[in-house]
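Peer 1: sequence unknown, structure follows:
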């Protein structure tokens, strides 16, 4: 081998190394960009998911609050319907009369039915 041919082989190997470095840099940039875009996409999907869950949670909390209010209204209505003044009004409305003489049946010691 002559001195010129060995020099030619060195330049070829240097060119290959430069090409490989340039190619590896390009691949590295491409991978970085791809990973960045993928991370942004995942971030947007997660933020959207969390936001929709937040709206859903708020809607359920509002339903719970309205159910609690309805329960309180119904509890007040029950107390009002059980009140003595309401019962007295219903008794008067139905024309009921008070029982004066109450007789209770005492079955202790007596045979009611025989076989």
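Peer 2: On my side now, so go ahead. Just so it is clear, the structure is predicted and the values come from calculations on it, not from any experiment.

Peer 1: quick one: mean pLDDT over whichever helix or strand residue 41 is part of.
Peer 2: Per DSSP states H and E: residue 41 is located in helix 3-82. In this model, helix 3-82 has a mean pLDDT of 85.

Peer 1: for it, what is the distance to the chain centroid?
Peer 2: A distance of 20 Å separates the C-alpha centroid of helix 3-82 from that of its chain, computed with Cα atoms, centre = their mean, to the nearest Å.

Peer 1: just the buried positions in whatever helix or strand comes next after it, please.
Peer 2: As assigned by DSSP H and E, the chain's next helix or strand after helix 3-82 is helix 84-93. Buried residues in helix 84-93, counted by 16 or more other Cβ atoms under 10 Å: none are found. Every C-beta, even on glycine, is put in place using the N, C-alpha and C of the backbone.

Peer 1: how far off centre is helix 84-93?
Peer 2: So, by Cα atoms, centre = their mean, the centroid of helix 84-93 is 47 Å from its chain's centroid.

Peer 1: what's in contact with that helix?
Peer 2: Contact with helix 84-93 is made by residue 80, as judged by Cβ atoms under 8 Å, 6 or more residues apart in numbering.

Peer 1: just want the angle from it to helix 3-82.
Peer 2: 50 degrees (axes from the mean of the first three to the mean of the last three Cα atoms, to 10 degrees).
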